[in-house]
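K.L.:
Task: produce atomic coordinates for the following.
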Amino acid sequence: MSVNTTVNISGMDCSHCVASVTEELQGLEGVQEVAVELNKDGISIATITSAGELDPAEIGEAVAEAGYLVVASEA
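P.N.:
Numbers count the residues shown, from 1 in each chain. A predicted model of the protein is given here:
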C-alpha cells in the first residue's frame, strides 16, 4: 500500500530548489516518488509517495538539509 504525504515548503524559487528538495526527500527510507509544485512567490508543495507512513521530523530534516523549511498548512 502506498501512502501520499503532502508538505508545504517555504523559500523555494527555482528549479535547482526543486531538485535539491527532491533529492533529499528521495533519500528517506521507503520513498518511492517525490513531486514538487514550485510556487516562486509563496509556499511550494511537495507530495511524497512512500511504502508506509513517514516520520514528519525526518521529512523536516530532509527539507532543512536542502536549505528550506517545512511550514504548517494554512487553515
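
K.L.:
In space, what's closest to Q32 - neighbours in sequence excluded?
P.N.:
Once flanking residues are discounted, Q32 sits nearest to T49: 4.8 Å by C-beta to C-beta, 6 or more residues apart in numbering. All C-beta atoms are positioned from the backbone trio N, CA, C, and that covers glycine.

K.L.:
how deep is that neighbour tucked in, by neighbour count?
P.N.:
14 (other C-beta atoms under 10 Å).

K.L.:
and the host helix or strand of V36, which residues are buried?
P.N.:
Counting by DSSP states H and E, the element that carries V36 is strand 31-37. Neighbour counts over strand 31-37 (16 or more other C-beta atoms under 10 Å) mark V31, V34, V36 as buried.

K.L.:
residues in contact with the last one?
P.N.:
Residues touching V36, when contacts are defined by C-beta atoms under 8 Å, 6 or more residues apart in numbering, comprise I9, M12, V18, V21, T22, S44, I45, A46, T47.

K.L.:
Among the residues you listed, which ones are in helices?
P.N.:
V18, V21, T22 (DSSP state H).

K.L.:
M1 versus the nearest residue to the first one once chain neighbours are set aside, what's the distance?
P.N.:
Distance criterion C-beta to C-beta, 6+ apart; nearest residue to V18, sequence neighbours excluded, is V36 at 4.6 Å. If you measure V36 against M1 using C-beta to C-beta, to the nearest Å, the figure is 23 Å.

K.L.:
With S73 instead?
P.N.:
In terms of C-beta to C-beta, S73 sits 23 Å off from M1.

K.L.:
And for V34?
P.N.:
Relative to M1, and taking C-beta to C-beta, V34 is found at 18 Å.

K.L.:
Give me the most central residue, the chain.
P.N.:
A46 (4.2 Å; C-alpha atoms, centre = their mean).

K.L.:
so T5 bridges to which residues?
P.N.:
Here T5 sits in beta bridges with I48, as judged by DSSP bridges.

K.L.:
Hmm, E24 is touching V63, no?
P.N.:
Yes. Assessed by C-beta atoms under 8 Å, E24 is found in contact with V63 at 6.7 Å.
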